[in-house]
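> Would you be able to build a 3D model of this:
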Amino acid sequence: MREPREARSAGVTHLRAAAIAALALAVLAMVAVPAAAQDQVWTQTGEPVPGWEAVDDAIRTYMQTWNIPGAVAALSYQGRLIFTHGYTWDSPEVEPVQPTSLFRIASMSKPITSVAIHQLIERGLLSYDTRVADALGLEPPPGQEPDPWLAEVTVDHLLYHTGGWDRGLAFDPMFHDEAIASALGVDLPISKADIATYMTGQEMQFRPGSRFAYSNYGYALLGLLIEKVTGRDYSEWVAENVLQPIGVGRPRRGHTVADERAPGEVRYYGRVGEDPYRWNIENMDAHGGWVVSAPDYLRFMSALFDDPDSSPLLERSSIESMLVVNPLSGGSEYAQGWVVLQEGEGVRYQHGGSLPGTLTMATWVGGFGLVALRNTSRDSDEFDFDLPGPLPPHVILLAERTQHLADMPQVDGSLRRFLR
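Numbering: from 1, shown residues only. Below you'll find the model as predicted:
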């Protein structure tokens, strides 16, 4: 069986539009089911950027037409924040989205986990060939035996989504809490260790390394490996070693319950049949559980890609290894936690994410970084960035502006505070 439609998280996208701006701002323009706009007010926050008013106006039209409650868009060039605005179309009592508001980023968490794993490889605590079952001491429930293929699974397999689990043929265990709790005879909420125990007794769908199948569970195991070799909580270690070195202190592991949202975190809205507060976000930490602001994620990408020779996070050789596409990924063009696409003579690095109440995209190409986050997911089975007909005028406008962005006057210093 497959996990429920509202539970599927789609981190891999395959849009090949030429303009970087069209990629992520398309998130804000996703077609959703229109709804009545009673008692809703429009709010836009962020430092005005002269000449970009048409972008804001067009985003407003989209959000009001399709009843998108909240979104943020942020653009940087060579580590310098150029544009970041929060947009709200919601009830007056709802706190407006700010440029620095925190959002669940869903599968945009996977690149963060990949960087953490590569740091541990550099430090000699892990290798691509580390056997995961041995390293974690995985054991099945009493009376069950592990699949013989499990012993072959390596860190490399997990990074590349070639570990042997195919949610399309079976299910995604990160969204089967009730079934796992019942099978193990434990209470809800279950833990990541419970999920690993249950899955160690399940049949795998293919031999590790033989083909590609996007796997949230594989990245959940990477998170457990980080905890095992460091002796620390995953999110604490990653915050200290991946985020704090680049001056980013607000990202954190998300929480399931609405009342446990972090200060500055947005409210989430499900579409038809979706409950954004149903699923165990804490267990998703390494594959889809981070809560981050758009400017902070821009800084993360900038620290990796703007100048790999002086990255504060990884050696250039590690970054290059992380970005090697596995031929088994086929049209997905998936590397180790990143989608890597040829963009003319350059290369584009990106990752998206989707959960009930969340739709996200981050992309970097040629020194430009762009992040777009929404607090609702579209009403569709697939996470697809294709738009019907021609590109919207505001996307074309922004694409044209980004082509000449290096010639724009530098924004004043007041905008820099959004990077801190």
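
> Could you use CA atoms for every contact and neighbour count after this?
OK.

> Run through the residues that contact the residue nearest to residue 264 when sequence neighbours are not counted.
In this structure, residue 264 finds its nearest non-sequential neighbour in residue 101, 5.3 Å apart by C-alpha to C-alpha, 6 or more residues apart in numbering. Residues in contact with residue 101 (C-alpha atoms under 8 Å, 6 or more residues apart in numbering) are 86, 264, 265, 266, 292, 293, 294.

> same thing but 10 Å
Contacts for residue 101 (C-alpha atoms under 10 Å, 6 or more residues apart in numbering) come out as 71-72, 86, 250, 262-266, 291-295, 373.

> which stretches of the stretch 251-400 of the chain have low pLDDT?
Counting by pLDDT under 70, the stretch 251-400 of the chain has low-confidence residues at 378-400.

> who does whatever helix or strand residue 71 lives in pair up with?
Using DSSP states H and E, residue 71 maps to strand 70-77. Sheet pairing of strand 70-77 (DSSP bridges) gives strand 80-90 (antiparallel), strand 368-374 (antiparallel).

> Pick the most buried one from these.
strand 368-374 (a mean of 29; mean count of other C-alpha atoms under 10 Å).

> can you map out the helices along the stretch 1-150 of the chain?
Secondary structure of the stretch 1-150 of the chain, counting by DSSP state H, counting those that start in this stretch: helices at 20-28, 53-66, 109-122, 132-136.

> Mean pLDDT lowest where, among these?
Note on those: lowest mean pLDDT is at helix 20-28, with a mean of 51.

> List the contacts of residue 117.
Contacts of residue 117 by C-alpha under 10 Å, 6+ apart are 111, 123, 125-128, 155, 159, 222-223, 225-226, 238, 322.

> Next one: it from residue 297, what distance?
18 Å (C-alpha to C-alpha, to the nearest Å).

> again, but for residue 120
In terms of C-alpha to C-alpha, residue 120 sits 21 Å off from residue 297.

> and if you look at residue 84?
Using C-alpha to C-alpha, we find residue 84 at a distance of 12 Å from residue 297.

> Could you tell me which residues touch both of those two?
Counting by C-alpha under 10 Å, 6+ apart, the residues touching both residue 84 and residue 297 are 74, 370, 371.

> ok, how many other residues are close to residue 51?
Using other C-alpha atoms under 10 Å, residue 51 is surrounded by 8 other residues.

> For it, give me phi and psi.
phi 90, psi -10 (degrees, to the nearest 10).

> Which pLDDT value does the model give it?
78.

> from now on call the first residue 722
With 722 as the first residue, the last one maps to residue 772.

> how close does it get to residue 942?
47 Å.

> Just want the most central residue of this structure.
Taking C-alpha atoms, centre = their mean, the centroid of the chain lies closest to residue 829, which sits 1.3 Å from it.

> I figured that residue hits residue 1011, correct?
Yes: here residue 829 lies in contact with residue 1011, judged by C-alpha atoms under 10 Å, at a distance of 8.1 Å.

> what's the neighbour count on residue 924?
16.

> Also residue 1004?
Count around residue 1004 with other C-alpha under 10 Å applied: 25.

> For residue 823, the count of nearby residues, please.
Counted with other C-alpha under 10 Å, residue 823 comes out at 28.

> and it, what is it in contact with?
793, 971-973, 975, 982-988, 1011-1017, 1094.

> Might you specify the subset of these located within strands?
793, 973, 1011, 1012, 1013, 1094 (DSSP state E).

> show me the contacts for the fifth one.
By that I understand residue 1013. 821-827, 829-830, 969-975, 986, 1094.

> Going through the residues you listed, which ones are buried?
821-827, 829-830, 969, 971-975, 986, 1094 (16 or more other C-alpha atoms under 10 Å).

> Residue 908: neighbour count?
Other residues close to residue 908 by other C-alpha under 10 Å number 12.

> Next, it: phi, psi?
phi -80, psi 160.

> Please report how far it lies from residue 779.
From residue 908 to residue 779 the distance is 48 Å (C-alpha to C-alpha).

> who touches the closest residue to residue 805 other than its chain neighbours in this structure?
Once flanking residues are discounted, residue 805 sits nearest to residue 795: 4.0 Å by C-alpha to C-alpha, 6+ apart. By C-alpha under 10 Å, 6+ apart, the contact set of residue 795 is 745-746, 802-807, 820-821, 1014-1019, 1083, 1090-1094.

> Kindly report the same for residue 1044.
1055, 1056, 1057, 1058, 1059, 1060, 1061, 1070.

> now residue 1007
Per C-alpha under 10 Å, 6+ apart, neighbours of residue 1007: 827-835, 837, 937-945, 947, 955-956, 959, 974.

> name the element it belongs to?
Per DSSP H and E: helix 1006-1009 holds residue 1007.

> which helices and strands does the helix or strand containing residue 1068 pack with?
In this structure, residue 1068 sits in strand 1067-1076 according to DSSP H and E. Applying 3 or more C-alpha pairs under 10 Å, 6 or more residues apart in numbering; DSSP states H and E, one finds that strand 1067-1076 contacts helix 741-749, strand 824-825, helix 830-843, helix 1006-1009, helix 1015-1026, strand 1060-1064, strand 1079-1086, strand 1089-1095.
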